[in-house]
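Engineer: got a structure for you, letters missing:
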């Protein structure tokens, strides 16, 4: 089947992720949406690598996963700490600084 | 190429084993990467120190380690430059992953020096009142502890200190060193993450106002991740267009000089991939630069983060990010100039104006500086747009000048304190010039440099970029820039008025007497500001020599 | 000899310098020093005069060049003097009368704490006035011109603690400034036309100017006239002279009767060569002169303040001179001659008035005088002689000079001549009337003075010798000067080489004019006697006719000025101040404010919500992407 | 032409800068020492400036005592100094006025508050005098600079010390009370800075544009006046008409703000009104002169054609300034603001003279700069003494001063008479030259401008009458007459006014040749007298 379809899927996932970031309040979920976007990128990479017939894309996908993992570590640490101090993981509550 | 052969190549993807021998052993020029390697090495050692050295001596060990490491890295860098890697012997190292050339070396040098000074501000322990007979720095006793909770109190009593900040700083520096030197998009992305993640954590570690600090971290983190997702997707698209992520590769595809494969032939059919990819990668970088409309994280994060961290971030991140942006635009996309220049024009103008305008009504020093940094990003973009050697060198110079002014300014901010820690609300700064003329005068110097008053580095830099822009035919941009700097001048002046012309409040903040560490940091800031303002020739030459990217 | 000219000016200037900077230690003998220096320059004047008489009529002109004042390329202003018969006449008049006034002031200002300053100012005035008449170019003349203006300002406002005095001084200076515009513009015109403003260049050039220049020359003429009007209190710039009487009486005598106010006549006569080729300008001059001589006379009739009445008469007498000067070569000489005689008798009259006031606790209202002839005989006699002279009583100086002017007026010829002559005659009649009025109200009738505010009654007495002697001397002048000049028309021959002279053919014989003048003169006197001599003068002024009331208010000219210039000006400036603040400044501040407002609004975007930040990022990305694609599309 | 071995110009400029540092370094307690240090340095500068003036050879090279060094190659920035007649005179004027300014402001910056409180480190006296010297240094340099960029740098930099002088040291007594005073003061200071900064930044754009143009046409961008002029002479450098006009406007705008020209004048009354009299003198007599001077040196020399193109508009604006400034001066209630508006009017004359493009006009304008400097200094400083005695700036609060303080009144009158340009006092000469220079080319404008002399008389005499004459007002009775120090300030100025009024030749001789050079730059020649023209 036409690899382009995978790209459409990737784009779709990316958009869903982005939309999620904008819509959801829970920091964790927001973060998951970001992860979703990254995965969309991975899909795109793999697809392209298939289309171009070279391995770079797949290699990059692995890198991305690692980076995403690292991000999870840092991100969760931060989110958990703020959750413990505020008893809320809602990004809308984190609103001390504005204007 | 015949269909059968195509099929064969496709087949080879499914059976990876025979391809294994096709992957050559990577060949790394360790000598030429030594600055980066040293920094990362020191960072790693720093982690070990955290693990094994007793708490008492950690602080000393970490500081010493960091200072030595950075100094060594800088020495190595100088050695490289001396060998001529900045000019004649500039080339791509590490299998095309990292470029060793003028701009890279110049920016890395700047970052290293900034980091060195930043270490001093990180290590400052005289400003906060002593807790249980121990000097404390501006970082949380225990990052994980709940603010104001028993655990934290216990940690303070036990005299915990977050010496992890130094390894974190070193990791960030390492990432920043690679960022402007990255010569393929993957390295770019990884480097970005490598220096972003430590910064996220550093933001969360303020000793005072921990809630704000954590909030800053969350905001920075989420938005940073969001933006890096864009960057990554952009990379993906560019890869899809060119079939490679190496700068030179993509550039040659764009120029049409690459040898065409059928895949390329098909993918280069639609420029949409290229254009959207280009746009999204640029966005990723503009976010780090803090350009409008990707700037909104800046004020909040600058305000919430521990001031030393803010200073470092504001200075070093900008340097690294602009370096990367320059390389991307000058190496990968020169052929696309006519596509991205107009967009950049727009971004630059909006950034200059919005940054300056919003700053007018700010009431918090750190937020004020944040917005001013946004405006400055706009000015620098004007130089970026020049797209000639002149533009490169002017931007390099501007970055060097700007970063030290920023560092110094934030260092001064750490000095003005009252019971609640740093007194960052402008109203508290009233009459500072009467109480401690010296500090106020120093801060005034920095403000004047920001405002671009002649005889300061700020003016030299501003003139350099504007002049480059003008020669690049962007006169309108120069005029907008000039107008917005007039607006910007207003709020810098406002602070000066506040400090010198208004009577000090009775309960006004006191100016803490810093240890030699912060003093050095500030002194360096002032010195650089004046030297680059009065006798910039040498550094201009340097930037000029360093103005050529290797492809 | 030439060097003496410089000294002539230098002497009083030195006096002014010393007296004004010397400080209190000079108080005791400062006035003597001032008088001495005035006399010195008078003596110098006499020496030069003698020397001049020694020469033949045609090469009597002395010149001395001191130094270059302002050298800028073609604009070369020199400081140089030119002493010819015309200036000589003035030098003698100025220094002579000036010295007398100095002597008079010694007595008059005896009790004034600032007497030293007063003499300093008097000396300053002498210097400036001499500079004015001795200058050999218009630029330097301008300096003297403003110099006398300054001196006049300082002296009118000498009693600065009196607001009225201060105001009068300011008014005088301002009105003069308006005139000065004329002079400076005239100089500029000369410079752009002839490339010079020295008499030696301009006047011959004007003679030789061809028709194309006449427009310019007319312009110059008008401008000079404007200047003359300012300085010589001619309509429409006459309003300041009346108020100028706020100054000490010697000042009124010297500056506002004998010398400064006649500077305009000097200017016009000096520039005769220009006016001769600019008939329109001449007509203007004559008109101004005629109007003023009637105007002043009428005002003079209505004033009860003795000095103001005399001021009105001064105005009108100068009107005669200006008119004469406007008549051209037939008039110049007589203008100057009348100027000199007028210098004598009007100065005398003022000193007399001063003496009267001196005896009457500075009372100036004639309605509070009366029958003073018994109390101050010398004053009465000298004043009386002056009176006879001014009304042109046959044989006295006024008679010779004024009749000549009237003749010249008729000699203008044509209806013009008749009109001018008629007006001049009428003027003579009114002069006779108001001077008789002054005479009667002051010295005849029964005494009308009473206790003043402080309750002590004035004890009219004769003034000290230092005051009476100058009056006597001047009285001699007013009696004999005219005859002296007119004997085988000495004065004409004296001035002719400078001003030129031509006998117009008068439609009336000299006799006829004299007769006519005498008739109108007697009419005037008689009318005055009927009104003020026969029946007692009321101590408070009756309401009087419309004309009288108008005349009391200087024929409403001040009211006009007040309404139009002062009020209008105030409104203008006030509204401008408002505009400057609201409009000019407002625009800039408005911009600043709007930036602030914009900033405030943009700030709101920074609402602290991560998700909205994310929105802006996404939006930004979308825009960037779209823009990039668009760029390619177009 | 002096030997170029000794860099006298640099020294003239550096000496006050050094003085500033030295003064600032004097410890807080020793404020008298600080004052004398500052005075000493300013006198030294004066000596050097006079030496320059004396050794300047009017018939020698156009620019003398030249020093040429490259400062920042990449910016085309040279450290090129040199004075023509005009420059030499202006430097001398600056150096001359500074000591008087200092003496007049001798006690203006004495700290009021106790030295023990939180402000014990605050050293206003040192600051005041150091800043004055700083301003002097920068003004002198901008008069000496023959490199556009070098000029620009100091043109901008001098704003900062000036700003502190205005905002930091106001009148002690203020009608509206201390807080309000402080507020108005900082408003004035900020207004001053923003106006001039905005002007300067616009100019910066033009400067950059000029650089780009030279870079394009000459290969390397340069700002050296001589290089540019030579290049144009040899035809290598020729700006496109539109470019030249834009650049001209950029430059002129900055100078017009500084000068100030209507309608960019509104900062001046605030600045002069709120600052102390000596500082006000510094503003109007010294700093603002840089603007008009720069019009002569840079606008005309760099952009001759554009200058001629813009002349009509500028002349009209100048005439408006003359009349408008005078009328507003008449309408003022505040002595200092009155003098400020008078200055606006006078700057109108200066600009009128410059752009009349005649020898008389431009020589007159240059002399005018000098004379206006001296006369305004005299008037303003005496006004300052007056104000400090009564503790009010409102005209209405004075009256009858001549009775109690005749000397003060007298000097004030002389200053006023100079301001209304009475013959015999210096300003008359320059004003008449400007008028005649204008008239010979634009008669109508000349005549309108002449109306200015009446208005000048009006505002000066009204001011004198309201403050000095009449019955002694309450609050004035006890007023003391001029003290020795004050007399030392005023007397020399008055003497100078008299001397230059009677014998301006020496100055004129120095100025004229330079004016001829400038005129030849814009290749204009004086109109011939009508008679000669016919022959």
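Structural biologist: Great, that's in hand. It should be emphasised that the depicted structure is a prediction, and the values quoted were computed from it without experimental measurement.
Engineer: Stretch B:41-50 near chain A anywhere?
Structural biologist: No: judged by Cβ under 8 Å from any Cβ of the partner chain, stretch B:41-50 stays clear of chain A, getting no closer than 14.1 Å. Heads up, the C-betas are built off the backbone N, CA and C, glycines and all.
Engineer: List the contacts of that stretch.
Structural biologist: By Cβ atoms under 8 Å, 6 or more residues apart in numbering or on different chains, the list of residues contacting stretch B:41-50 from outside reads B:58, B:61-62, B:65-66, B:68-70, B:72-73, B:163-164, B:166-167, B:170-171, B:173-174.
Engineer: What of stretch C:507-520?
Structural biologist: C:392, C:394, C:402-403, C:406-407, C:410-411, C:413, C:417-418, C:421, C:425-426, C:428-429, C:432, C:506.
Engineer: Could you rerun that using 10 Å?
Structural biologist: Under the contact criterion Cβ atoms under 10 Å, 6 or more residues apart in numbering or on different chains, stretch C:507-520 has outside partners C:391-394, C:399, C:402-404, C:406-414, C:417-418, C:421-422, C:424-433, C:506.
Engineer: buried sites along it?
Structural biologist: Neighbour counts using 16 or more other Cβ atoms under 10 Å in any protein chain shown place C:508, C:513-514, C:516-518, C:520 of stretch C:507-520 among the buried residues.
Engineer: would JSON lines of those residues with distance to residue B:289 be doable?
Structural biologist: Below are these laid out as JSON lines (distance: Cβ to Cβ, whole Å):
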{"residue": "C:508", "distance to residue B:289": "104"}
{"residue": "C:513", "distance to residue B:289": "103"}
{"residue": "C:514", "distance to residue B:289": "107"}
{"residue": "C:516", "distance to residue B:289": "104"}
{"residue": "C:517", "distance to residue B:289": "103"}
{"residue": "C:518", "distance to residue B:289": "107"}
{"residue": "C:520", "distance to residue B:289": "102"}
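Engineer: Mind checking which of the residues you listed are in helices?
Structural biologist: Judged by DSSP state H, these include C:513-514, C:516-518, C:520 as members of helices.
Engineer: which SSE is the residue of chain A found nearest chain D in?
Structural biologist: Relative to chain D, the nearest point of chain A is residue A:99 (23.3 Å; Cβ to the nearest Cβ). Under the assignment given by DSSP states H and E, residue A:99 is not contained in any helix or strand.
Engineer: quick one: contacts for the closest residue to it other than its chain neighbours?
Structural biologist: Once flanking residues are discounted, residue A:99 sits nearest to residue C:603: 4.9 Å by Cβ to Cβ, 6 or more residues apart in numbering or on different chains. By Cβ under 10 Å, 6+ apart, the residues touching residue C:603 are A:98-99, B:299, B:357-362, B:367, B:371.
Engineer: go with 7 Å
Structural biologist: A:99, B:358, B:361 (Cβ atoms under 7 Å, 6 or more residues apart in numbering or on different chains).
Engineer: Which single one of those is nearest to residue B:523?
Structural biologist: For these, the residue nearest residue B:523 by Cβ to Cβ is residue B:358; the value is 31.6 Å.
Engineer: So for that closest one, what's the pLDDT?
Structural biologist: On the pLDDT scale, residue B:358 is placed at 93.
Engineer: what's the neighbour count on residue D:55?
Structural biologist: The burial count assigned to residue D:55 is 15, neighbours taken as other Cβ atoms under 10 Å in any protein chain shown.
Engineer: Residue A:66 too?
Structural biologist: Residues near residue A:66, counting by other Cβ under 10 Å, number 11.
Engineer: Name the residues of chain B found near chain A, please.
Structural biologist: Residues of chain B lying close to chain A by Cβ under 7 Å from any Cβ of the partner chain are B:9-10, B:13, B:143-144, B:146-147, B:186, B:190, B:193, B:197, B:200-201, B:204, B:211-212, B:214-215, B:217-219, B:221-222, B:225-226, B:229, B:232-233, B:236, B:239-240, B:243-245, B:263, B:267, B:300, B:303-304.
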